[in-house]
Every structure is written in structure tokens, then in C-alpha cells.
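Visitor: sequence and predicted structure below; questions after.
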Amino acid sequence: TVSKAAGSSEALILSYADRHVTYAMKKRDWLRWIHWGPLLVIALGLPILGGFVGIKSLRTVDGNPWYSPLIAAMAIIPVLAIAVVVASDKVRTSRMVYGGTFVLMLIVHLLIEVGYRNAPGGRSRMRPLADQIWKEYPDAQMFALLPPDQRAAVDLSMYLNRITESVDEKILVNLAEPDRATFLIASIRDAQRVKALPQRWKIYWQSPASQEEKWDVYVLPPKVRASIVPAN
């Protein structure tokens, strides 16, 4: 039948690949370590340097190592097991090459995902600002006063679920007192344009000193609506 023929062909291909890879590894042992060496170094280096050593480039925004000792140890144990198997002369098959490579790359991928999500480069710079605006002014409108070659951060619009519109400072100067809070993101490079704003625009947020691209956020508070006191 067709299914039996297909199964026989697959078994034949795997058998040939197994014999070919095994023969190549036995004849050229150095090829094996060219393949396994970099994978093992990365898979062992990440949990060791990011968990136990805690080098500067593998630290979170809070200054802590990427991994706790428990997570680092959980990653090191299977990698060492694969290293022992690879170093053994008794196990040199194509299945070990394919399976071991897959497992090592999966471990490295998970380690990078777990660590980088809390690194400075893995965090959105606009998320804290968006959270604060949502908390204090959930219906705020957003504007941006930026150089022509720059646009407002996309992640700010995503977290606020609204558009950050680019405007000219002349529009902002003549802007009437709004019914809802109005925010303005301004680049430090456009300090002269910001000085033209009326004094009713108040500084609301400043980018961290360690940030390469600096900007300030100004707010124009909504007008205070007079409360109606019912007559006695």
C-alpha cells in the first residue's frame, strides 16, 4: 500500500542519515565540536553569567540579575546532561544531533525571553507614563511637538489606546481651555518651541537622565466646571 511504502521510504532515509552522520563524526571528531561547542557555551554561559555572576549587561531594570539561582540551576542541569552525552563516544547518531540541537536552542530561547523581558531594552519607556495618565486623566487627549524627522512613540498610543497627534506650537499657544486634560510630548531638541507655550502648560513628566533620547511631557489641565448648588 501507499502508506507502507511511504513508511519504508522514511525509515530508509533516517537509517541512511544516521549512518552518514555517525560515520562523519567518527572520521572528523572536530566537526562535532564545531557544532556543539558554541551551542553549549551559550546555553551554559547565559544562566551562569545572568544568574550567578550577574554581569552588568545581564541585569534587570531594578539592577538584579536576569535569573534567580533556582532558574539558573534548572537551565544548567539539562545542558550539562546533553554535554555529557555529546562527549560520550557511545552516542553519535543523527537523532542525537537533531534532538540535542533542538533542546539546546529551545533552552537558549527561553532563557533570552525570560531575562530580556525585564531588561532596560525589553521594557517600554512609555508604559509608566501611559499608566499614570490612565489613572489621573483617562479621557486625556495627546499631542506631540517633535522635530520633522521624529514621531511620537508608537507604544504610547498603544497603551493609551488613542492617537498622539503631531501639531505646531502656534496651535497650542491659541488652544482654548479644554474640557479634558491635554498632554504634549516635546523633544528637548525643540526647547525654543516649548518656550512659546503659555504658562498654563505645566511640566508633567521628564525622561530619565540615563535615556539617550530625551523628551518632556506637559499638561494643560481641564477647566474647572462650576458646581451648581441646588436652591433651598
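Guide: Received the coordinates, thanks. What you see is a predicted model; the values in this text were computed from it and never measured.

Visitor: can you show me the strands along the chain?
Guide: 141-145, 164-166, 182-187, 202-206, 215-220 (DSSP state E).

Visitor: any chance of those strands in a markdown table with mean neighbour count as columns?
Guide: For the C-beta atoms, the positions are set from N, CA and C on the backbone; glycine is no exception. Conversion of the strands of the chain to a markdown table gives the following (neighbours: other C-beta atoms under 10 Å):
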| stretch | mean neighbour count |
| --- | --- |
| strand 141-145 | 21 |
| strand 164-166 | 16 |
| strand 182-187 | 21 |
| strand 202-206 | 14 |
| strand 215-220 | 20 |
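
Visitor: any idea which of those gets closest to residue 69?
Guide: Smallest distance to residue 69 across those (C-beta to C-beta): 36.6 Å, for strand 202-206.

Visitor: what lines up beside that closest one in the sheet?
Guide: Its sheet considered, strand 202-206 pairs with strand 215-220 (antiparallel) by DSSP bridges.

Visitor: show me where this protein has helices.
Guide: Taking DSSP state H to define them, one finds helices in the chain at 2-27, 29-47, 69-87, 94-116, 127-136, 154-160, 169-173, 191-195.

Visitor: quick revisit: could I get the strands of the chain as JSON lines with distance to residue 39?
Guide: Below are the strands of the chain laid out as JSON lines (distance: least, C-beta to C-beta, whole Å):
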{"stretch": "strand 141-145", "distance to residue 39": "45"}
{"stretch": "strand 164-166", "distance to residue 39": "43"}
{"stretch": "strand 182-187", "distance to residue 39": "44"}
{"stretch": "strand 202-206", "distance to residue 39": "44"}
{"stretch": "strand 215-220", "distance to residue 39": "42"}
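
Visitor: could you dump those strands into CSV and include mean pLDDT and distance to residue 43?
Guide: Formatted as CSV, these follow (pLDDT from 0 to 100; distance: least, C-beta to C-beta, whole Å):
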stretch, mean pLDDT, distance to residue 43
strand 141-145, 83, 43
strand 164-166, 81, 42
strand 182-187, 81, 42
strand 202-206, 82, 41
strand 215-220, 83, 40
